[in-house]
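Undergrad: Please work out how this folds:
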Amino acid sequence: MLRIIGIQRAERFSPNSVDNDRAILEAVVAPLGGKIISEDDNIRAKLSLKDKPDVVFSMARDAAALQFLHELEREGARVINPTVGVQSCRRTVIDAIMRENDVPVPPREGSDGYWLKRGDEAAQSHDDVVFCRDHDELLTRIDAFKRRGIDEFVVQAHVKGDLVKFYGVEGTGFFRTFYPSDDGKTKFGDELINGRAQHYDYPQELLRQSAELTSRLAHTPVYGGDAVVGSDGRFVIIDFNDWPSFSRCREEAAEAIKSLIK
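TA: Model (predicted):
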């Protein structure tokens, strides 16, 4: 029988999403008879290489937790998402991966404002992803980032259109899209800048293919992200993340994630 462990994401990496992140992890791990440990705890003290788990469903992002999980991987444990995938989802890295492989992404320059996004770690507060009305405000915000010790960041031109959230589990056939303006669910309220979705027609299969390509390149089978669809039906992927909360499709997602170990 497989020994299964779930690693809950530290609270600082789950702004306004702690309960939802816990819920998807429980939906995956509990039916398999596994237990959950938070990366806020000392997971190295709670687990050992001698009594290593066979499978770890991990939402971890802390450097110390990832180092220990990498050691488990070297000892033969399967970690989902693998540590290399989590590191690939740092914004500066994933932005480069998508641009180098012709995944549709926003241009760096535009006339409708800019998004400045923390690149060294996932967003931990509203101040880590900010909208800038013009280039002057962008420079001011960059200075503010640097005063906070953030020297690694991504700049994207704002793209007008429908904001679409997507969720997927690579290779399982599971892929779902939602318009956050339809149900009002929001983490920081940034979705309001794009306004209410007009439900422009767009090639959903092409979005799925682009997301799946990114997940393969980034070694991140459990993924989510955001896209913007313009009035002409063209889309760009503005964000790609390792293991979202799947709050809009939790039960379906849990079944797909569990199938990764079969």
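Undergrad: Mind jotting down where the strands sit in the stretch 151-262 of the chain?
TA: 153-157, 162-169, 174-178, 222-229, 235-242 (DSSP state E, counting those that start in this stretch).
Undergrad: Now do H219: how many residues are near it, please.
TA: For H219, the count of nearby residues is 17 (other CB atoms under 10 Å). (Glycine included, C-beta is placed from N, CA and C.)
Undergrad: got a list of what it touches?
TA: 81-82, 84-85, 88 (CB atoms under 8 Å, 6 or more residues apart in numbering).
Undergrad: and the residues you listed, which are buried?
TA: Buried subset of those (neighbour count, 16 or more other CB atoms under 10 Å): 81-82, 85, 88.
Undergrad: now, among these, which is nearest to E26?
TA: E26 has its nearest neighbour among those in N81, at 17.2 Å by CB to CB.
Undergrad: Check the gap between the closest one and I142 for me.
TA: Look at N81 and I142: by CB to CB, to the nearest Å, they are 30 Å apart.
Undergrad: With pLDDT added, can I get the buried ones among the contacts of H219 in TSV?
TA: Formatted as TSV, the buried ones among the contacts of H219 follow (pLDDT from 0 to 100):
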residue	pLDDT
N81	97
P82	98
G85	97
S88	96
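Undergrad: Out of these, which comes closest to S231?
TA: S88 (32.2 Å).
Undergrad: isn't that closest one right next to R216, touching?
TA: No: here S88 lies out of contact with R216, judged by CB atoms under 8 Å, at a distance of 10.8 Å.
Undergrad: Quick one: neighbours of the closest residue to D120 other than its chain neighbours, just the number.
TA: Distance criterion CB to CB, 6 or more residues apart in numbering; nearest residue to D120, sequence neighbours excluded, is E152 at 4.1 Å. Neighbour count for E152, taken as other CB under 10 Å: 13.
Undergrad: For E152, which residues are in contact?
TA: 90, 92, 118-120.
Undergrad: all helices for the stretch 1-150 of the chain, in order.
TA: Counting by DSSP state H, counting those that start in this stretch, the stretch 1-150 of the chain has helices at residues 18-29, 43-46, 63-74, 83-88, 91-100, 135-147.
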